[in-house]
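>>> what's the 3D shape of this:
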Amino acid sequence: MVLVNEILGQIVQVNRSMTWGSLATLKPYANFLVDDDVERLKKAIDTKGVDEATIVKILGNRTLEQREQIAKNFKKQNNVELEAVLSKKLSGYLENIMITLLKSPTLLDAQVLKDAMKGLGTDEDTLIEILATRSSKELQAIKTVYKQEFQKDLEKDVASEATGRFQKLLLALLKNQREVNSNIINYELIEEDAKSLYAVASQKKNPDFDAWIPILTERSQNHLNRVFKLYKIYCTTDISDTIRKELKGDDEKGFLTLVQCIQNTPEYFADRLHSSMKGLGMRDKILTRLLVSRCEIDLLNIRAEFRKKYGKSLYSTIQADTKGDSQSALLGLCRAEDL
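The predicted model follows:
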């Protein structure tokens, strides 16, 4: 039998989201003068018909920190919230983009989660997206803001909207117990986890995939990528293929999304962006939210994955599916063409 360490020695760790680092498309505006921006915004808002192009040029080219300063000074000088004024003066898609730009990432996530569970039917794709791609620290902040905004516990709302194994997976993610990445490689635990995953998958009748949940939601991203490599050696099939074969419906969707986010988060977001612009009618809010939430983190990574997977650039795809000032705002966040 081949020694475990020899097997593991052949495993090449590939984790693009970690090795590429933070590759933002939106950088701090070099000549930022908050009072000048506030004055120009006020003038653009008060202009007959509203000067939407100027509003886009300012808010779409400032980082979150700079936008927060603008909003703070706007209220101080005009005794009214900038968000409230823009909601009154703008409409449609452009209004959504500008208002989204003014929200903090944590508040935006909390509101998106609330909307995903509002009314008849649940948006499972959005639930798993947020919970699978946020860090433990971010999830804790989201739960706190959710409680403050809606006077409800996020865990209780999720538990009431989801059922079965999918519910268990979401609630496990909300416990935010995932270990941080470490330079220390625990080969024994890698082997143990890979064997545990394989033991479930190899069960002939009613495999208990609930046993996968603690491993997939508590181990670090780097550790799990090594586990997945070893799992493939044991099982002779990729873990995603096992999920597709053995699970259905929301369970399949939840586990596949989580595994993809662990293996390659930028590719997952590229898929979400592509889906938001696919077919008749764009899912405008998803496109906007993804661009706004990733433009100061890793949108360059996502752009590269989009180009690689779909054979065209994210920039040109947005350009083909949008128009007017909304197009200008979204292209500004995307920033550039990938040839």
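>>> Please pull out the lowest mean pLDDT helix or strand from the protein.
Scoring the helices and strands of the chain by mean pLDDT, DSSP states H and E places helix 16-19 at the bottom, with a mean of 38.
>>> Quick check: next helix or strand after that helix?
helix 34-46 (DSSP states H and E).
>>> From the chain's centre, how far out is that next one? Work that out for me.
32 Å (CA atoms, centre = their mean, to the nearest Å).
>>> by contact count, what packs against it?
Contacts defined by 3 or more CB pairs under 8 Å, 6 or more residues apart in numbering; DSSP states H and E place helix 34-46 against helix 52-59, helix 64-78, helix 82-89. (Each C-beta comes from the backbone N, C-alpha and C, glycine too.)
>>> With mean neighbour count and distance to A201 as extra columns, can I get the ones you listed in a markdown table?
Shown next, in a markdown table, are the helices and strands packed on helix 34-46 (neighbours: other CB atoms under 10 Å; distance: least, CB to CB, whole Å):
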| stretch | mean neighbour count | distance to A201 |
| --- | --- | --- |
| helix 52-59 | 19 | 49 |
| helix 64-78 | 16 | 42 |
| helix 82-89 | 16 | 49 |
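>>> My understanding was that Q77 contacts V38; is that so?
Yes. The pair Q77 / V38 is scored as a contact, 5.9 Å apart, by CB atoms under 8 Å.
>>> Now do the contacts for G254.
E124, I128, R165, F166, L169, L170 (CB atoms under 8 Å, 6 or more residues apart in numbering).
>>> What is the burial count for the fifth one?
Here the count is done by other CB atoms under 10 Å, and L169 has 26 residues near it.
>>> just the fourth one next, same as before
The criterion is other CB under 10 Å. On that basis, F166 has 23 neighbouring residues.
>>> counting contacts, what elements does the helix or strand hosting it pack onto?
If you go by DSSP H and E, F166 is part of helix 164-174. Applying 3+ CB pairs under 8 Å, 6+ apart, we find helix 164-174 packed against helix 124-133, helix 136-150, helix 154-161, helix 212-218, helix 249-276.
>>> so which of those comes closest to A304?
When these are compared by CB to CB, helix 249-276 sits nearest A304, at 7.2 Å.
>>> Centre of the chain to the following helix or strand past the closest one, how far?
Next helix or strand after helix 249-276 toward the C-terminus (DSSP H and E): helix 284-294. Put simply, helix 284-294 sits 9 Å off its chain's centre (CA atoms, centre = their mean).
>>> hey, C-alpha coordinates of helix 284-294 in PDB?
What follows is helix 284-294 as a C-alpha-only set of coordinates in PDB (Å, rounded to 0.1, in the frame of the first residue of the first chain):
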ATOM      1  CA  ASP A 284     -30.500  42.900 -12.600                       C
ATOM      2  CA  LYS A 285     -30.200  42.900  -8.800                       C
ATOM      3  CA  ILE A 286     -28.000  39.900  -8.800                       C
ATOM      4  CA  LEU A 287     -25.600  41.300 -11.400                       C
ATOM      5  CA  THR A 288     -25.500  44.600  -9.500                       C
ATOM      6  CA  ARG A 289     -24.900  43.100  -6.100                       C
ATOM      7  CA  LEU A 290     -22.200  40.800  -7.300                       C
ATOM      8  CA  LEU A 291     -20.300  43.600  -9.000                       C
ATOM      9  CA  VAL A 292     -20.600  45.900  -6.100                       C
ATOM     10  CA  SER A 293     -19.700  43.300  -3.500                       C
ATOM     11  CA  ARG A 294     -16.700  41.900  -5.300                       C
END
